[in-house]
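Enquirer: fold the stuff below for me.
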Amino acid sequence: MKKKYVYLFLTAVLFLYLLCRPGQASGAAAAGILLWFRSLLPVLLPFFILSGLLTALDGTASLTRLIYPVLRRCFGCSPEGCFCLVAGFLCGYPVGARTAGDLVRNRKISREEGQYLLSFCNNASPAFLTGYCLTDCLKLPKLVPLSLGLIYGVPLLYGMIVRKGRMFPILSAEKKTSGSQISFKIVDACIMDGLESILKLGGYVILFSMLAQLLKELPLPSPVLTCIGTGLLEITNGIADTAVCPGLSGNTAWSLAMAFAAFGGLSGTAQTESMIQGSGLSTGAYLKAKAGTSLIVFLLCGLLCLYSASSGF
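Expert: Numbers count the residues shown, from 1 in each chain. Next up is the predicted model:
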């Protein structure tokens with residue numbers, strides 16, 4: 001019930017924003033559409049379609065055959081779970097969530113393994129971090145190796161810790177799809193499923209772009225608070241605002257940007273929830289794990305900045 005009232009409140013706020021500030025609201029929506037069209041559509045739609053085909057044709061385990069022994073030892077995951085782990089770290093939000101949800105719904109992995117993987121395998125892509133975040137916005141390309149180590153090292157360490165020695169079961173497939181069963185019906189279904197997913201993401205990007213713009217127009221006492229609020233809502237706008245916020249030093253801006261990237265924003269959480277519907281996976285548990293990971297990344301960034309300042313680097 002509480003979630004319902006939150007959704008009703010946000011819907012009413014955005015509706016009033018559209019009525020009272022139509023120019024600003026439509027501008028934010030247009031920016032969200034451009035972000036979706038230029039960044040998400042060409043990257044994620046092909047992956048959604050191809051990953052759906054791989055799952056339908058029982059091909060996910062084959063792609064990770066070489067690295068499975070290492071990942072099994074470190075994370076206890078099944079062969080199909082290894083595909084979720086790799087995809088979630090390489091392809092960006094919300095690919096990890098989409099892959100975990102698909103594998104659980106298709107009974108390729110257990111729900112317990114899916115929840116475990118979801119807690120640390122849904123991350124910002126290396127291309128987003130190195131290109132948009134560190135090079136275009138923060139102008140800190142020299143920090144790319146360190147930043148990638150933090151953003152990906154902390155979740156990997158988290159996954160090893162919360163595993164608690166578990167070895168997740170390898171579920172036996174009921175019946176693999178044979179060559180004679182492969183048809184364009186499977187391809188059509190995967191294309192339609194991919195299109196549905198990418199359209200959902202576009203809707204969330206538009207709504208959260210409007211919320212971020214509304215937040216910027218509120219009379220908050222400090223631009224730093226506005227920057228933090230925007231970053232918690234949506235990481236693309238939040239990182240861009242962090243880079244130009246007048247009340248932040250370079251070290252603090254970098255630390256906040258890394259924390260926003262590790263968290264993924266409430267927009268990323270909403271996208272994740274849409275990707276795992278019908279799988280039984282918990283959005284609340286995912287949100288707690290991402291918040292904890294983000295806090296650890298922020299604290300580590302702060303410690304590194306203090307060490308750099310004290311040592312003269």
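Enquirer: who are the neighbours in contact with residue 248?
Expert: 224, 227, 242, 256 (Cβ atoms under 8 Å, 6 or more residues apart in numbering). Where C-beta positions appear, they are placed from N, C-alpha and C, glycine not excepted.
Enquirer: what do you get if the cut-off is 7 Å, keeping everything else the same?
Expert: Contact analysis of residue 248 by Cβ atoms under 7 Å, 6 or more residues apart in numbering lists 224, 242.
Enquirer: tell me which element it is part of?
Expert: Following DSSP states H and E, there is no helix or strand that holds residue 248.
Enquirer: and the gap between it and residue 261?
Expert: Residue 248 sits 16 Å away from residue 261, going by Cβ to Cβ, to the nearest Å.
Enquirer: helices or strands up against the helix or strand harbouring residue 151?
Expert: Applying DSSP H and E as the criterion places residue 151 in helix 144-163. For helix 144-163, the elements it packs on are helix 68-75, helix 250-263, helix 283-311, judged by 3 or more Cβ pairs under 7 Å, 6 or more residues apart in numbering; DSSP states H and E.
Enquirer: for the longest one, give the mean pLDDT please.
Expert: pLDDT averaged over helix 283-311 equals 92, rounded to a whole number.
Enquirer: sorry, back to before: helices or strands up against whichever helix or strand comes after the helix holding residue 151?
Expert: Counting by DSSP H and E, the next helix or strand C-terminal to helix 144-163 is helix 184-217. Judged by 3+ Cβ pairs under 7 Å, 6+ apart, helix 184-217 is in contact with helix 2-20, helix 22-35, helix 41-56, helix 223-233, helix 265-275.
Enquirer: check the average confidence over helix 184-217, would you?
Expert: 90.
Enquirer: please spell out which residues along that helix are buried.
Expert: For helix 184-217, the neighbour count (16 or more other Cβ atoms under 10 Å) marks 190-191, 193-194, 197-198, 200-202, 204-216 as buried.
Enquirer: equivalent analysis for stretch 116-127, please.
Expert: 116, 117, 118, 119, 120, 121, 122, 123, 124, 125, 126.
Enquirer: of those, closest to residue 36?
Expert: The nearest member of those to residue 36, counting by Cβ to Cβ, is residue 125 at 15.3 Å.
Enquirer: next, residue 276: phi, psi?
Expert: phi -110, psi 10 (degrees, to the nearest 10).
Enquirer: ok, it to residue 35 distance?
Expert: 23 Å.
Enquirer: what's next to the helix holding residue 151, contact-wise?
Expert: By Cβ under 7 Å, 6+ apart, helix 144-163 touches 74-76, 89, 119-120, 123-124, 126, 129-130, 134, 258, 261-262, 293, 296-297, 300-301.
Enquirer: with stretch 188-206 instead?
Expert: 29, 32-33, 35-36, 40-41, 44-45, 48-49, 52-53, 56, 98, 267, 270-271, 274-275.
Enquirer: before we move on, back to that, for the buried residues of stretch 116-127, give me JSON lines that also has secondary structure and pLDDT.
Expert: Formatted as JSON lines, the buried residues of stretch 116-127 follow (DSSP: H, G, I helix; E, B strand; the rest coil; pLDDT from 0 to 100):
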{"residue": "116", "secondary structure": "helix", "pLDDT": "97"}
{"residue": "117", "secondary structure": "helix", "pLDDT": "97"}
{"residue": "118", "secondary structure": "helix", "pLDDT": "96"}
{"residue": "119", "secondary structure": "coil", "pLDDT": "95"}
{"residue": "120", "secondary structure": "coil", "pLDDT": "96"}
{"residue": "121", "secondary structure": "coil", "pLDDT": "94"}
{"residue": "122", "secondary structure": "coil", "pLDDT": "95"}
{"residue": "123", "secondary structure": "coil", "pLDDT": "94"}
{"residue": "124", "secondary structure": "coil", "pLDDT": "93"}
{"residue": "125", "secondary structure": "coil", "pLDDT": "91"}
{"residue": "126", "secondary structure": "helix", "pLDDT": "92"}
